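In: this one's sequence-less:
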């Protein structure tokens, strides 16, 4: 009856898959690991909230983001039960306490974040600005990913003449002041989001490529790359399948660093007349106009600044979480 | 790297520490903050307002403005005008010296004027002599047709200067108050050569102060008292510092903590300081108009459209919204308020004189607009407005007001850098444009002549022969009362008959001047301070 | 390596020449002229253009400029500071920018390294998250906002430090600008350091060292710093060039006579020679910094070979 050379089979299924040990697919496992950490979940929820707000936010307060009421300029925030709309202003003859709502006899009007110097509702503007800035952030990240990383990795891995040549190009491109490039762009392009993205494409990828190159230089002599090479793997296979997964940390960090600078580049573009059309807004432009009177009316600066910081924190948490969850090394 | 870092850090700190600490005596030194920094300290090249401001403490001129904005002699003793108003004879005061002790003579003034006009100097100030006061042969010399010695100015003796004009000029004295007209010594300029006016050692002062510390394009210039100045005994300050500071909030902090005695004020601080007696402002020096292209923009060629555009602008709210009512006022014609003749007659009798054109009346604007569109047989209009990027906020408000008042109208603002703005204007490459102008002399003509056929800045190519001939007649008219009448007639033509320009607002400057500081003069533009006899109470 | 350095040096010279040439072409395309006083008449402008030789063709101007450059003459400023040699302008401003930029760099990097390593050693714990959030804030808040806040609280309210930069007392009056600029540096470096250190800490050799009972400190100095410093230095060079040129608003707040203002106002005024000289200088710093970087790679990590193709 007993045959030592045969598996002892009771049920046919158990032979096929050992469900308790084989585990989930790579993707499923990653998702599980991602949600296992509270900070990741928090980041994801925050990000979703911000995206939802960027869609519905501009319509919540009932004020249009571009509607001007010059008589209602510089109203402090007023929220039922929380803020009364009063503010303390440091005049040259001593401090002045004002409540613009009472001055204007607006008993039933609430600007949650206050109004700007042209009487536009900052609540709507803040989330309208978020919408634009999320787009710019996405574009910046994409440009980093597509141009910056590939350029840097190829330059670093291939070395020799290719590297020298590619690095000369970066040296040249990096040495021409952004303002010159942008002013010249203005001659051929019309203001708008497409132009902003184009300007980013011209100027935004160099840092990323330098960082990617350093990473590749460091890793290309490592044992696992040598092993892969001796096994006959192709160059691009090694580059993208072996090296790339090992350098995601620095790359994600660089993307995170480049997003705020992209958001502020947009503000800079508006200054030379290349940014968004007049009347629209972005987080960057809100922050820089809030800065102009931040000691008098700090409420103009804070909402957009805080939204930007929240956006960045959410992105960082999610990106870090994703990397940890899908890192090949932590899977071991 | 770590080691390097630790080695470098102390070295750097040491390097920082080497600068010795000085303590100037605050009591008599005035600290001033201004927008802008000097592009040159060579007076004869100083064609911009910031340089003029930095130069004024070291410039002694024939005449200067006193605290009441009146012209008083400074280096001149007296002057005479010939019957036809074309020859001026100036008598210089005795005992005039440069800061190095050298005498100031009439010959020096001749050299100064020649230096401005000489094409070799390539000065941007030539317009003072060839366009504004028509000094004899100035234009020909500048174009290289005549030798510089042919200029219509010469020294009769050491203290008598003669100027010959091609036509009478009602505002020659005003031009002579400007920094480029302060004398310079030929021997000193020759001796310094290319280095002239690039350091305190290569600068010569004829005014109340001497430059003590200066580097090209600096953001801080320090002056001390000039003992050789003709009125040195009346100069009370021992020195002054002028700093560039473009951040208003920081300037305010400096003022409140007494780091600065005089700061420019604007923005929202102006509202908060409304009751403050220490604000001094003046709104008459600079104007802002909207002009349109009379050659290629068909919409602008239509008078009804022009009037509609003008009537749809709520100038009051622009002045309060953009300028916070500080150093700015509504402009109801070509000429801003506050200009009067030598006999004290105000040029503007009624500020609302062009109410039908420059008032705010959206109803009427719509009527004109409809009429205009019919005449153009258009259903909607889209116009591009060219503006330098500094006037972003103004354009935001303007766009809102225009589009709200006028149906089916889209205005496309185009913000460009300043050089591009100028080149677009010069090439008539625009539909509508913002056009700002700062007056050089306090006379209605400074604004009216902008739109004459002969003007080189008449970028809208506005042309009306009657307007030109009235201005021409006015310039030859020696009687101030009749001259004003002619100018008013010309203004009526451009405003009422043609509605050829849309005036928006006039602005100037406003300063916060600490109560410890007395006797600071402000000129008619509101932008230049005269510190000759300023005083400051020492802090206990 | 030697061959690589020589090759790179020769190429750098070519690059710099190319940069000047490209800048010449680009500046020629810039709209408007350097003479931007609206009161200048067209004839007057023509005289100015001729007197500076700007009416000659671009190529001719380029070679004239190049010839003068080898003689040490970088031309004069046209409109920012009339007729002043560009070198004079830069000479008075560069030291200030260098001093503040490098101090901010050193302070920021030192703080960033410490924070980064701390976070890495406490990976996943509260300290790590706090460091992350702080660095995100540092990256997102522009330095001019930090500058005005510092100015208000430290300079105006507490009166601990002078509000404005004073060249007679650069140490005290330089503290606030340096602090304001170093926040960004610190945040960026902390982020990179943390990431690099974490990946080193996860590597086999550190695991091995740990299992051998090596102390955290030994691991830090023997493995972590050595293996993560390369990336950090790369980031530092990138930040340095930005610090030296791009702190315009911070310069304005503290009234610092620096390079940032010079470059941006030269570009917006079309002051060709100033733009070209500054960009040239900027490019030279950039190229040299990156060359040093490449050499450092080889020293820090001898396995890195830049020359040969694989």
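Out: Nice, thanks for sending it over. What you see is a predicted model, and the numbers here were worked out from it, not measured in a lab.
In: Residue of chain B nearest chain A, please.
Out: Closest approach between chain B and chain A, counting by CB to the nearest CB: residue B:415, at 3.2 Å. Any C-beta I mention is one placed from the backbone N, CA and C, and that applies to glycine too.
In: phi, psi of that residue?
Out: phi -90, psi 130 (degrees, to the nearest 10).
In: I figured it hits residue A:277, correct?
Out: No: contact criterion CB atoms under 8 Å: residue B:415 and residue A:277 do not qualify, at 9.9 Å.
In: who has more neighbours, those two?
Out: When residue B:415 and residue A:277 are compared for neighbours, residue B:415 comes out ahead with 25 against 14, by other CB atoms under 10 Å in any protein chain shown.
In: So which bits of chain B are right by chain A?
Out: B:248-249, B:252-253, B:255-256, B:267-269, B:272-273, B:275-276, B:278, B:317, B:320-321, B:389, B:392-393, B:395-397, B:399-400, B:413-417, B:420, B:512 (CB under 8 Å from any CB of the partner chain).
In: make it 7 Å
Out: B:249, B:267-268, B:272-273, B:275-276, B:317, B:321, B:389, B:395-397, B:399-400, B:413-417, B:512 (CB under 7 Å from any CB of the partner chain).
In: okay, now residue 48: neighbour count?
Out: All of this refers to chain A. What residue A:48 shows, counting by other CB under 10 Å, is a neighbour count of 12.
In: looking at chain C here, not the other one
Out: By other CB under 10 Å, 22 other residues sit near residue C:48.
In: same question, residue C:160
Out: 11.
In: Quick check on residue A:223: phi, psi?
Out: Here is the backbone geometry of residue A:223 (degrees, to the nearest 10): phi -60, psi -40.
In: confidence score at it?
Out: On pLDDT, residue A:223 comes in at 79.
In: which residues sit in contact with it?
Out: Residues in contact with residue A:223 (CB atoms under 7 Å, 6 or more residues apart in numbering or on different chains): none are found.
In: which residues in the stretch 301-450 of chain B form strands?
Out: All strands of the stretch 301-450 of chain B, identified by DSSP state E, counting those that start in this stretch, fall at B:328-330, B:381-388, B:409-416, B:432-438.
In: Just the buried residues of the third one, please?
Out: Right, strand B:409-416. Buried positions in strand B:409-416, judged by neighbour count with 16 or more other CB atoms under 10 Å in any protein chain shown: B:409, B:411-416.
In: what is the rounded mean pLDDT of it?
Out: Averaged across strand B:409-416, pLDDT comes to 87.
In: Residue A:132 versus the residue of chain B closest to chain A, what's the distance?
Out: Distance of residue B:415 to residue A:132, given as CB to CB, to the nearest Å: 18 Å.
In: before we move on, what about residue C:166?
Out: 41 Å.
In: These two: which has the busier surroundings?
Out: residue A:132 (23 against 19).
In: mind checking the SS state of that one?
Out: helix (DSSP: H, G, I helix; E, B strand; the rest coil).
In: for residue A:182, same thing?
Out: Taking three-state DSSP, the label given to residue A:182 is helix.
In: Quick one: mean pLDDT over stretch A:135-153.
Out: On average, stretch A:135-153 scores 89.
In: and of the buried residues of strand B:409-416, the nearest to residue B:32?
Out: residue B:415 (31.5 Å; CB to CB).
In: That closest one pairs with what?
Out: residue B:387 (DSSP bridges).
In: isn't it right up against residue B:385?
Out: No: between residue B:415 and residue B:385 there is no contact under CB atoms under 7 Å: 9.5 Å.
In: thinking again about what came up before, are any of the residues of chain B next to chain A buried, and which?
Out: Among those, those buried by neighbour count (16+ other CB under 10 Å) are B:249, B:267-268, B:272-273, B:317, B:321, B:389, B:395-397, B:399-400, B:413-417, B:512.
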